[in-house]
Structure formats: structure tokens, C-alpha cells
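[1] Following is a predicted model, sequence given first.
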Amino acid sequence: MSFHPSMEYAAAKFHKSERQLAEQGGDFVYTLEHQAKFDANVKRYPADQRKSAILYALYLAQRQEGYLTAAAMSHVAEQIGCTAAEVEDVVSYYTMFFTRPVGKYVLNVCRTLSCALRGAERVTAELSAALGIKPGETDPTGTFTLIEVECLGACDRAPVVMVNDDWHECLAPEDVRRLVDDLRTRGPAALTGCYLHKEKAAEATS
Amino acid sequence: MMSYAPILTSHVGEPNSNSLDFYVKHQQGYEGLRKALTQKPGDIIDQVKASGLRGRGGAGFPTGLKWQFVLKDTPKPKYICCNADESEPGTFKDHVLMERNPHLLIEGCAISAYAIGAEVAYIYIRGEFYHVQEVLEAEIEKAYVAGFLGKNILGSGFDCDVYMHRGAGAYEAGEETALIESLEGKRAQPRIKPPFPAVAGLYQCPTAVNNVETLCNVPLIVLNGPEWFSGIGPEKNGGPKLFCVSGHVKKPGVYEASMHTTLRELIYDHAGGMLDDRPFKAIIPGGSSVPLLLPEHLDTPASFDEIQKAGSMLGSAGLIVLNDSVCMVWLAMNLLHFYRHESCGKCTPCREGCDWLYKLLARIEAGEGQPKDLDLLFGVSSNIVGKTLCAFGDAAATPVLSTMKLFRAEYEAHVREGRCTLTADWRSAQPVMAAH
């Protein structure tokens, strides 16, 4: 097909849209627990402003399946009372939503200035080598996804890695392999957590 | 170093400092709210105005004035939005307050809501701070149970709800109108101003958007009076201030001081001096979006006005300290990678310009720069500044313009030699990032 009679058709000559459609996925409905959580959260906003709860609704869906499918986005649209396109609009903007499967542990390495000054580039390189994947990829076992992210707001504990919803602080490049092994054997307990969270640390040791 | 006893962070190192009991017992908890509720809302605004409190988020705008602008005669509800999206590179102060002193913020939200006539305050927290959100949610719950939030607070007839709202990874959500958009469930993109949020903000209702540290100062002003507050620190730069020191220092961290404190004191006294005792090269004094300062500026007091006189901005008080090993082309490239990623895409000069700048810098850093690239960098940057809806554009151009102005020789050497001419060992240990 050509757009103009005098324009020769050549697929390579045209700019292709970079838009990636989310995969359809299986049927999706919230679990009873997530439905109850959503119903409670939406009450925080005026009755005619249900859309305010969209980020929360998406987090719930993502927690349920690990990433967001088109079916999940449609379900969120029903819950909110908006179109699926509006949901996709939001999903495609925010970096914390995934539209493709990710590993059990998503390693978000901060790469911005303060962390970079303390060796974040080397942390990423070491993680890449240890896991055999490049930033943006998931390892074949589906255990780890490596992502480079921008400032996490923990510049005093650089370099910092966010693993799912938790933090690991002051990760020296030399310690990267040990952390990977630790995560494999001990799970999230291998993470330092936020140093400010003293009560959590006390609970863990008592 | 002038003697200074921390006020906002006086107890943050102690176990359970985040609990309601601790706050009530050791920090005169909720006494400010009690006192505020016996006064007229307008009187609270007057006190905050008299105190000279300036916004701690970056712009340093007088908080009392911002509240005064909030439309009064309207049938619409009013809102407080607390900006806890702390995401300016080099900034990590609000994190400490929320995690270790959450009730100070909750009390600040309640008093501020009373002052402007709001009954709901939303705390918009960045998605990456999930562990902080858990702490705040739990403490808000306790404040409800204790009667400091909810209906008829302390028998005054004033109702106030405080809710957490979690973002999902967007630097731009720290801009006040983008924050409101995000709270409304849309992409975090800024609005055209005017109208300002004080007139048409959240759900088109009058709204005040304030930073966490700003709101944390409010209970202290009500409790101790505006004169006490303005007496701490230089004229027009009063009150306690949190400084975030990171980069090449021995003890990076959050340090509380008055704004009399100089940059030198913050680096050498508070943060323990330069890492490995290497020479100091430059400092970014207010988060990545402000111009660099040089060794000759080290004795400048870290106040809004003095830092501005020195040619930069105090911004969010995120001090990033750089030693002699840092290549300024690499630094600009690192930061433009950030701005390119975070540009919300609404305004063309910023969306396209950040991409161009990053690609140019990556080319120069990789040793493939051409002499004309330096003019091009300057041209692209200058065409972003002042041509965008929000301050993001200016912020993104700043690392390029500032490093080009102060360290042009390094750029020229990169282009001439085809490589970084700094021989520092730190730099050689860093693998050069592939441009992507």
C-alpha cells in the first residue's frame, strides 16, 4: 500500500511506531482481597473522581500477576469507570509498571550522579556479568530482571539498588556477586533495607 | 562551626522516634495543632507569613504568601497536597523526616489544612518510597485513633483527613501542577499557568502544594512563634534547614543546620571532608538542576539568597560534592541521561532537546565529538531555556550550560584529543557507559 501514487512503497522507508501493545493475557479479575483493597482506597477521593485511584488499582493488578496484561488493564478500566485506552495512557507513562513479564526479583540500579560517583556503573556491569543479562533483560530462569533507573533518593547510601519494593544500600561493586547468591538462597532477607528503618532491623534480630 | 541544636531531626536517631507516643512525649507532639485550633485560620497564615518560612522544595517561595493566594470565597472544597515526591538527584531529606518523624508531617498537614480551610490533605509520595509509605500509613492510622485527625479534632469542630497517594516513578510529578495531574489519575505532565493551583488546582479546586520539610516547619512556628523561627538563620532565610550532602565526601548524609552555615562547613565539618582527601573541584549546591559552584565559593553561607548571589540556587539543598577526578563532560552526560529519561514529553523543546543534548554529550564523551558540537550544545540548551511550560526545561539545560561556562577547556580537550584528558584513577575505574 502506498500513501501517495508517486510514492514508492518500501516498508523500510517509513518510520514504524514504537508503540508496543500489551499482550492480551488470560481472563483477569481482582482477587476478593484486592477488590476489597481497591474499594477501600477509592473512598479516599471524591465520589466523582474515581480516576484518582488508577495508580493504586494498577499496583494491585501488577501485584496479582507480576505485570500488566491488556485484560488486566480492561479490568482496571471497568473498576475506575474509564476507557482501556486511558488506562494504557497512564501505564505507558509511569516507569514502575511492567507490560512484560519480569523476574521474581527486579533489580533497579540507580545510575544518576551521586550513585554514579560511587561506582554505580560498575555495579551494573558486575550484575550484568553475574546474571549474564544486559540492563532491561530478564534471566532465562525468570529469577532476576536488571533495570537501570534514575535517582532513587538515597544518595547518601550510594550505590543503591531497589529490589522490588525494598532497598539495598551501599552496594560496593565487589559485593555484587555475593548479593546475587544471597538473594538466590535467602530471598529478600539478603537485602539491607533502608538504614533509617530501625524498628524493622530490631524485629529481624530479636 | 556555630553551635546549633537540631530541631526537625533532634530525635531521628532514636528507636521508635516514629511512634505517636514518642512524638507526644519528647517533641511536644500535636501541641501546635491544639494551639492552632484555638486561633482563627487567618491568624495562622499571618504567623507563617511573619516567620518568613520559604518553601523547602526548590523554589524558596514564601509559604505564607502561597497560602494567602488560596481562594477563600468559593463553594468548592480546598485541598492541601504535600509534595513527597522527593526525586531531585542529590536530595534525600524528606525521606528522613517521613521515616523517623512522621507525626511532625501529619501535624503540619492538619494545621495547614486548617489555615487554608481545607478538610483533606493528600501526601503524594514517590513510588520508590514504599517502605516509607508503610510507616506513614501506620502512623496516620494512629493519629486518627488518638483524635488528631478525623472528625471534630480535639473538640474544635474542625474535620481533617490525611491520605497517602503513591506515585509510580516519574520525576516530573514533583512539579506542582504535574503532581496534581498525577493525583487526578493522569500522566504527570504540567499544566499551563495561570491559573495557579491556589485558584484552580486539584479537581479544579483551590489547592496549596507544599514540600514535606516546609509542612514540618509549620507546627514549630505555631508553637514557638514567628520571631523564634526567623531568629534561626540569616534575615529572610530563617528557620532550621536540612542539607543533603552526597558525592565525594567521607560521611554523606542529611545534616540539619541554620542557613548561616557555609558550604565549607557542610563539607568539611558535617560531612567529614573530602573522600580520600582528594582536592575539591566543584559542588552542585541544590540538586542536579542548579549551576555548579567553584572552590572560591566555599565560604558562601548555604542560604537561598547567598547561594543565588554566588550564581547558583539552593534549590532542594541537595549538595553533590565533586573531587578533582570528575570529568565534567561525563557529569553533564550522566545528568542529561536523567533529564532525557524524565522529560514528560509535553513541550517539544524539552522532549527533543534533552535527547539531542544527551546524544551530543555521549558523542563527545566517546571521543567522536566535532568542534561544531560545542556550539550546537550551547544552541540547543539555549533554545530549551524559557521555552517550556515548567521549570524542567531550564533545569535540564543547566548542567550543560554551567559546565560549558566553567569548564569549557575540558570539552575542547575531549574534542581535540578524542578522549578524556583527566588522568585520575577514579575515572579509569569507571567503565564508560554505552550510549543508549
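    Ah, there it is.
[2] Low-confidence bits of chain B, can you list those?
    Low-confidence segments of chain B (pLDDT under 70): B:1-2, B:423-436.
[3] and what of chain A?
    In chain A (pLDDT under 70), the answer is A:1-18, A:200-206.
[4] Let's see that with 90 instead.
    Scanning chain A for pLDDT under 90 picks out the ranges A:1-22, A:193-206.
[5] For it, which residue occupies the most central location?
    The centroid of chain A falls nearest to A:Met96 when counting by C-alpha atoms, centre = their mean (3.9 Å).
[6] Doesn't that one lie inside a strand?
    No - under DSSP: H, G, I helix; E, B strand; the rest coil, A:Met96 sits outside any strand and is assigned coil.
[7] any idea which helix or strand carries the closest residue to A:Lys134 other than its chain neighbours?
    Distance criterion C-beta to C-beta, 6 or more residues apart in numbering or on different chains; nearest residue to A:Lys134, sequence neighbours excluded, is A:Ser128 at 6.0 Å. Where you see a C-beta, it was placed from the backbone N, CA and C, and this is true even at glycine. Assessed by DSSP states H and E, A:Ser128 sits inside helix A:120-131.
[8] So which other helices or strands are in contact with that helix?
    Counting contacts by 3 or more C-beta pairs under 8 Å, 6 or more residues apart in numbering or on different chains; DSSP states H and E, helix A:120-131 is packed against strand A:105-110, strand A:144-149, helix A:176-186.
[9] could I get these as CSV with distance to chain B?
    Shown next, in CSV, are those (distance: least, C-beta to the nearest C-beta, whole Å):
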stretch, distance to chain B
strand A:105-110, 8
strand A:144-149, 8
helix A:176-186, 13
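[10] So for B:Pro226, which of those sits nearest?
    Closest to B:Pro226 of the helices and strands packed on helix A:120-131, according to C-beta to C-beta: strand A:105-110, at 39.3 Å.
[11] So what are the sheet partners of the closest one and their directions?
    strand A:144-149 (parallel), strand A:161-163 (antiparallel) (DSSP bridges).
[12] tell me the domain ranges of the chain?
    Just going to use chain A. For chain A, the structural domains run A:32-91, A:105-205, going by automatic domain parsing.
[13] ah, no, chain B please
    B:20-231, B:241-323, B:328-428.
[14] Relative to A:Glu121, which of the ones you listed is closest?
    Closest among those, once you apply C-beta to C-beta, is domain B:328-428, at 9.1 Å.
[15] ok now that closest one, how far from the chain's centre?
    Distance, stretch centre to chain centre, for domain B:328-428: 23 Å (C-alpha atoms, centre = their mean, to the nearest Å).
[16] Briefly note if that domain comes near chain A.
    Yes - using C-beta under 8 Å from any C-beta of the partner chain, domain B:328-428 reaches chain A at B:331, B:334-335, B:337-338, B:341-342, B:344.
[17] packing partners for the helix or strand hosting B:Ile180?
    Take DSSP H and E as the rule and B:Ile180 turns out to sit in helix B:176-183. On a contact count with 3+ C-beta pairs under 8 Å, 6+ apart, helix B:176-183 meets strand B:79-84, strand B:120-125, strand B:207-211.
[18] Adding distance to chain A as columns, could you present these in TSV?
    Formatted as TSV, the helices and strands packed on helix B:176-183 follow (distance: least, C-beta to the nearest C-beta, whole Å):
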stretch	distance to chain A
strand B:79-84	10
strand B:120-125	8
strand B:207-211	13
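[19] any chance of these in TSV, plus mean neighbour count?
    Putting the helices and strands packed on helix B:176-183 into TSV (neighbours: other C-beta atoms under 10 Å in any protein chain shown) gives the following:
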stretch	mean neighbour count
strand B:79-84	27
strand B:120-125	24
strand B:207-211	27
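[20] would TSV of the ones you listed with distance to B:Glu134 be doable?
    Supplementary listing: those in TSV, determined by distance: least, C-beta to C-beta, whole Å:
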stretch	distance to B:Glu134
strand B:79-84	14
strand B:120-125	10
strand B:207-211	21
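[21] Please name whichever of the ones you listed is nearest to A:Lys37.
    strand B:120-125 (17.4 Å).
[22] can you give me the angle the closest one makes with strand B:79-84?
    20 degrees (axes from the mean of the first three to the mean of the last three C-alpha atoms, to 10 degrees).
[23] Please identify the most buried of the helices and strands packed on helix A:120-131.
    Of all the helices and strands packed on helix A:120-131, strand A:105-110 carries the top mean neighbour count, a mean of 24, counting by mean count of other C-beta atoms under 10 Å in any protein chain shown.
[24] count of neighbours near B:Ser245?
    Check again: residue B:245 is Val, not Ser. By the criterion of other C-beta atoms under 10 Å in any protein chain shown, B:Val245 has 27 neighbours.
[25] ok, and the closest non-adjacent residue to it?
    Per C-beta to C-beta, 6+ apart, closest to B:Val245 is B:Ala271, 4.2 Å.
[26] and the one you found, what is it in contact with?
    B:Ala271 makes contacts with B:245, B:249-253, B:255, B:321, as judged by C-beta atoms under 8 Å, 6 or more residues apart in numbering or on different chains.
[27] and it, how far is that from B:Cys344?
    To B:Cys344, B:Ala271 is 33 Å away according to C-beta to C-beta, to the nearest Å.
[28] out of the helices and strands packed on helix B:176-183, nearest to A:Gln62?
    Ranking the helices and strands packed on helix B:176-183 by their distance to A:Gln62 (criterion: C-beta to C-beta) puts strand B:120-125 first, at 17.4 Å.
[29] Tell me the helix or strand right after the closest one.
    In N-to-C order, the element after strand B:120-125 by DSSP H and E is helix B:130-145.
[30] After that following helix, which helix or strand is next? Please name it.
    Downstream of helix B:130-145, the first helix or strand assigned by DSSP H and E is strand B:161-166.
[31] what sits up against that following strand?
    The contact list for strand B:161-166 (C-beta under 8 Å, 6+ apart) reads A:44, A:52, A:55-56, A:59, B:106, B:109-110, B:119-125, B:127, B:130, B:133, B:136-137, B:140, B:143, B:149-150, B:183.
[32] so which helix or strand takes in B:Trp228?
    Counting by DSSP H and E, B:Trp228 is part of helix B:226-231.
[33] how far does that helix sit from the chain's center?
    The answer for helix B:226-231 is 22 Å, by C-alpha atoms, centre = their mean.
[34] got the buried residues for the helix holding A:Ser128?
    A:120-128, A:130-131 (16 or more other C-beta atoms under 10 Å in any protein chain shown).
[35] Kindly reformat the contacts of B:Ala271 as TSV containing secondary structure.
    Output for those, formatted as TSV (three-state DSSP):
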residue	secondary structure
B:Val245	strand
B:Val249	strand
B:Lys250	coil
B:Lys251	coil
B:Pro252	coil
B:Gly253	strand
B:Tyr255	strand
B:Val321	strand
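[36] Can you say which of those are buried?
    By 16+ other C-beta under 10 Å, the contacts of B:Ala271 give B:245, B:249, B:252-253, B:255, B:321 as buried.
[37] what helices or strands is the helix holding B:Trp228 leaning on?
    If contacts are counted by 3+ C-beta pairs under 8 Å, 6+ apart, helix B:226-231 sits against helix B:41-51, helix B:212-224.
[38] Chain A contacts on the stretch 1-150 of chain B?
    Those residues of the stretch 1-150 of chain B that sit near chain A, judged by C-beta under 8 Å from any C-beta, are B:12, B:15-16, B:18, B:77, B:86-92, B:95-96, B:99-100, B:122, B:126-132, B:135.
[39] Those, buried ones only, as a ChimeraX selection?
    In ChimeraX, this line selects whichever of the residues of the stretch 1-150 of chain B next to chain A come out buried by 16+ other C-beta under 10 Å:
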select /B:12,18,86,87,88,89,90,91,92,95,96,99,100,122,126,127,128,129,130,131,132,135
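[40] now the strands: where do they sit in chain B?
    For chain B, the strands defined by DSSP state E cover B:79-84, B:120-125, B:161-166, B:207-211, B:241-247, B:253-257, B:280-284, B:318-323.
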